[in-house]
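Asks: Provide a 3D model corresponding to the input given below.
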Amino acid sequence: MTKQPEDLGQVELWDPETAPRWEPAPTGPEGQPGAAGQALDDAPIREVHRATVAGLWLGATDRAISALGTWRAILAALGAGDGPTDPAALRPALAALDAAGRKAAEQLRARLNGTEPAVVLMAECFEDEGDKSRCLAGVCSVLPKDRVFGLATYGSFSQGGCLDADSAALAAIGGDGVGAAAAMRAKLGVADLTMEEHADEVAARLRSAGAELALKLPRRDDDRLLILMADAHSPKNGFLVEGVQPVFGAEFPMTGGSANKNAGQTFVYYRGRMYTDAAVAVLLSGDFKVAMSGRQARDNAMVIATAMSGASEARRKSEGEPIGVLAFNCAGRKGKLDNIVDELEAMQSVLGTQTAMFGVYCAGEIGPPDTPQTPTAARIAGVGWHLMVTIISR
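Replies: Sure, this is the predicted structure:
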């Protein structure tokens with residue numbers, strides 16, 4: 001039976017088997033509109049580095065996908081055409097940011113073959129608010145903005161390669177048997193607080209916010225995975241998770257990441273709008289399984305080794321055939337690599353090069369902790385310097 005909280009607040013529940021109902025997008029001084037539908041032809045031209053489109057099908061073949069319930073996913077870096085997906089062949093593209101976002105979203109929608117996305121995850125790595133807003137506007141001019149969620153990052157990666165600055169990634173999830181709910185907690189009240197001077201206040205505010213966020217989400221018996229994205233970098237993310245867990249339980253699978261912590265880049269995206277000092281939760285439900293692992297490392301060799309061991313652990317735990325991977329990875333780990341693709345290739349040595357993957361570089365990660373400082377009883381925690389791997393399988 002589906003359990004409904006008393007106050008749904010800013011919540012949307014989607015199930016492909018029922019007719020969707022949409023509420024107006026949130027308003028308020030903290031919410032910046034994605035400006036979907038605005039004129040896109042007058043935006044300034046800007047170079048978008050190393051852009052590519054990688055077509056990701058969450059399943060081995062169309063026939064298998066149909067039998068399993070039609071999972072689809074696309075990662076698209078902005079400004080790309082139908083060019084090569086080999087990382088060595090990634091090429092620059094000149095385009096207005098909003099037009100590029102629109103083009104990427106159009107390619108995503110085309111490859112969904114008529115399947116309506118329940119959730120669109122967006123990760124972007126642009127320098128300033130204007131670029132981010134135009135990117136989001138382009139995406140939301142094509143895809144339902146009420147289903148677009150995400151965060152500002154330090155780059156992204158897929159089975160097609162790694163993308164650094166001036167790039168973005170989109171992933172769509174939907175199909176028969178896949179449900180999703182989402183909620184946001186605005187005004188966390190910690191953006192201007194530091195752990196050095198305000199540790200107790202930060203902990204109290206984020207634990208309270210985490211509990212409120214969790215209670216906003218309608219629940220189903222087949223809930224499988226909670227994705228958290230927040231303007232609360234490590235170690236603040238740990239307190240947010242601690243607030244969610246009394247509501248969902250310590251054993252419930254949870255992953256996610258913290259937004260870019262650089263000044264002016266700390267945005268999270270909720271229903272096609274930009275927010276700072278906020279946390280977003282996306283709850284996936286359906287007839288699929290999840291398996292998770294977490295690994296910490298702080299030097300080149302260990303980043304590569306732990307990427308392989310973490311992927312191996314998640315694969316051993318997974319039931320059935322993998323149909324997709326979510327990877328929330330520390331930007332600090334990326335910074336320790338001599339060659340950023342080495343970590344991805346280590347994961348692919350276990351998962352294969354064809355397994356659909358949506359990965360982002362964050363300022364804090366949520367998943368199974370690999371630190372002596374974290375209580376051993378904590379199955380899920382908010383930490384730093386981690387690669388969190390989640391395999392979705394059927």
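Asks: drop to CA atoms for contacts and neighbour counts, all remaining ones
Replies: Fine.
Asks: hey, where'd the strands end up in the stretch 101-250 of the chain?
Replies: Assigned by DSSP state E, counting those that start in this stretch, the strands in the stretch 101-250 of the chain fall at 117-125, 148-152, 156-158, 161-163, 167-174, 178-185, 223-230.
Asks: Ranking the ones you listed by mean neighbour count, which comes first?
Replies: strand 148-152 (a mean of 28; mean count of other CA atoms under 10 Å).
Asks: So which of the strands of the stretch 101-250 of the chain is nearest residue 251?
Replies: Taking CA to CA, strand 223-230 is the member of the strands of the stretch 101-250 of the chain nearest to residue 251, at 11.0 Å.
Asks: so which of the strands of the stretch 101-250 of the chain comes closest to residue 355?
Replies: Proximity to residue 355 (CA to CA) singles out strand 156-158 among those, at 9.1 Å.
Asks: partners of that closest one, with directions?
Replies: Strand 156-158 sits in its sheet next to strand 161-163 (antiparallel), strand 357-362 (antiparallel), going by DSSP bridges.
Asks: That one: how far from the chain's middle?
Replies: 11 Å (CA atoms, centre = their mean, to the nearest Å).
Asks: neighbouring contacts of that strand?
Replies: Contact with strand 156-158 is made by 54, 75, 123-124, 162-164, 167-169, 344, 356-361, as judged by CA atoms under 8 Å, 6 or more residues apart in numbering.
Asks: Quick check: which of the strands paired with strand 156-158 is nearest to residue 351?
Replies: Closest to residue 351 of the strands paired with strand 156-158 is strand 357-362 (CA to CA; 9.7 Å).
Asks: Give me the phi and psi for residue 115.
Replies: phi -80, psi 130 (degrees, to the nearest 10).
Asks: so residue 250 sits right up against residue 368, yeah?
Replies: No. With contacts counted by CA atoms under 8 Å, residue 250 stays clear of residue 368, the gap being 11.0 Å.
Asks: which of those two has more neighbours?
Replies: More crowded of residue 250 and residue 368, by other CA atoms under 10 Å: residue 368, with 25 against 17.
Asks: gap between that one and residue 158?
Replies: 21 Å (CA to CA, to the nearest Å).
Asks: Now tell me which helix or strand of the protein has the poorest mean pLDDT.
Replies: helix 62-68 (a mean of 23; mean pLDDT, DSSP states H and E).
Asks: May I ask you to name the longest helix in the chain?
Replies: The longest helix of the chain (DSSP state H) is helix 195-216.
Asks: and that one, what other elements does it pack with?
Replies: strand 178-185, helix 236-248, strand 279-286 (3 or more CA pairs under 8 Å, 6 or more residues apart in numbering; DSSP states H and E).
Asks: Could you pull up the mean pLDDT of it?
Replies: Mean per-residue pLDDT for helix 195-216: 98.
Asks: so how far is that helix off the chain centroid?
Replies: 21 Å.
Asks: tell me the angle that helix makes with strand 178-185.
Replies: 130 degrees (axes from the mean of the first three to the mean of the last three CA atoms, to 10 degrees).
Asks: residues of helix 195-216 that come out buried?
Replies: 202-203, 205-216 (16 or more other CA atoms under 10 Å).
Asks: and of these, the nearest to residue 242?
Replies: Checking the buried residues of helix 195-216 against residue 242 with CA to CA, the nearest one is residue 207 at 5.9 Å.
Asks: Can you tell me the closest non-neighbouring residue to the closest one?
Replies: In this structure, residue 207 finds its nearest non-sequential neighbour in residue 243, 3.9 Å apart by CA to CA, 6 or more residues apart in numbering.
Asks: Looks like that neighbour contacts residue 208 (just checking).
Replies: Yes. Using CA under 8 Å, residue 243 is in contact with residue 208, at 5.9 Å.
Asks: Now do the helices in the chain.
Replies: Under DSSP H, the chain gives helices at 62-68, 97-111, 129-140, 195-216, 236-248, 300-317, 331-336, 341-351.
Asks: who wins for proximity to residue 265 among these?
Replies: Here helix 129-140 is closest among the helices of the chain (CA to CA), at 6.9 Å.
Asks: Which strands or helices does the closest one pack on?
Replies: Against helix 129-140 (3+ CA pairs under 8 Å, 6+ apart) you get helix 97-111.
Asks: at 10 Å instead, please
Replies: Helix 129-140 is packed against strand 32-33, strand 91-96, helix 97-111, strand 117-125, strand 148-152, strand 167-174, strand 273-275, with contacts defined by 3 or more CA pairs under 10 Å, 6 or more residues apart in numbering; DSSP states H and E.
Asks: Just send the ones you listed back as TSV, with mean pLDDT and distance to residue 138 too.
Replies: As requested, those are exported to TSV (pLDDT from 0 to 100; distance: least, CA to CA, whole Å):
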stretch	mean pLDDT	distance to residue 138
strand 32-33	40	12
strand 91-96	34	9
helix 97-111	74	4
strand 117-125	89	12
strand 148-152	97	12
strand 167-174	83	12
strand 273-275	98	12
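Asks: Relative to residue 133, which of the buried residues of helix 195-216 is nearest.
Replies: The nearest one, if we look at the buried residues of helix 195-216 relative to residue 133 and count by CA to CA, is residue 213, at 24.8 Å.
Asks: so how many other residues sit close to residue 106?
Replies: Neighbours of residue 106 (other CA under 10 Å): 18.
Asks: Next: residue 335.
Replies: With other CA under 10 Å as criterion, residue 335 counts 13.
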